[in-house]
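Participant: please work out how this folds:
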Amino acid sequence: LRQFEDGRKLVIYRCNTNRTSPIIDELGRLRERCYRDIGAGTGNDRDNDVFDESYYHIILWDPSDVEILGAYRVMPVGEQLAQH
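Facilitator: Take a look at the predicted model:
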């Protein structure tokens, strides 16, 4: 939890979850919307792929506005090497 000078409080979550998660579905929807805005969308409702299942998702959440402000997928190198 981080409180900013303007009083806003934002929360950062790290999660990894399976493909059937509503969180993964929403992240895919938001990712598609962002990429579509710059002309790089898939044309699908969501931009989900196989990496969503195994990567960690860093999510910036605004509890006041009840919205995801940003997200990023990451995979620690050691874990990735162990999988291959």
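
Participant: work out for me the element residue 68 sits within.
Facilitator: Secondary structure assigned from DSSP states H and E places residue 68 in strand 67-74.

Participant: so what does that strand touch, helix or strand wise?
Facilitator: helix 22-37, strand 56-62 (3 or more C-beta pairs under 8 Å, 6 or more residues apart in numbering; DSSP states H and E). (C-beta placed from N, C-alpha, C; glycine too.)

Participant: so which of the ones you listed comes closest to residue 5?
Facilitator: Closest to residue 5 of these, according to C-beta to C-beta: strand 56-62, at 15.6 Å.

Participant: show me what stretch 24-42 is in contact with.
Facilitator: 17-18, 44-48, 52-53, 57, 59, 68, 71 (C-beta atoms under 8 Å, 6 or more residues apart in numbering).

Participant: just these: which has the poorest pLDDT?
Facilitator: Ranked by pLDDT, the contacts of stretch 24-42 bottom out at residue 18, which has 69.

Participant: residues near residue 42, how many?
Facilitator: By other C-beta atoms under 10 Å, the residues close to residue 42 number 14.
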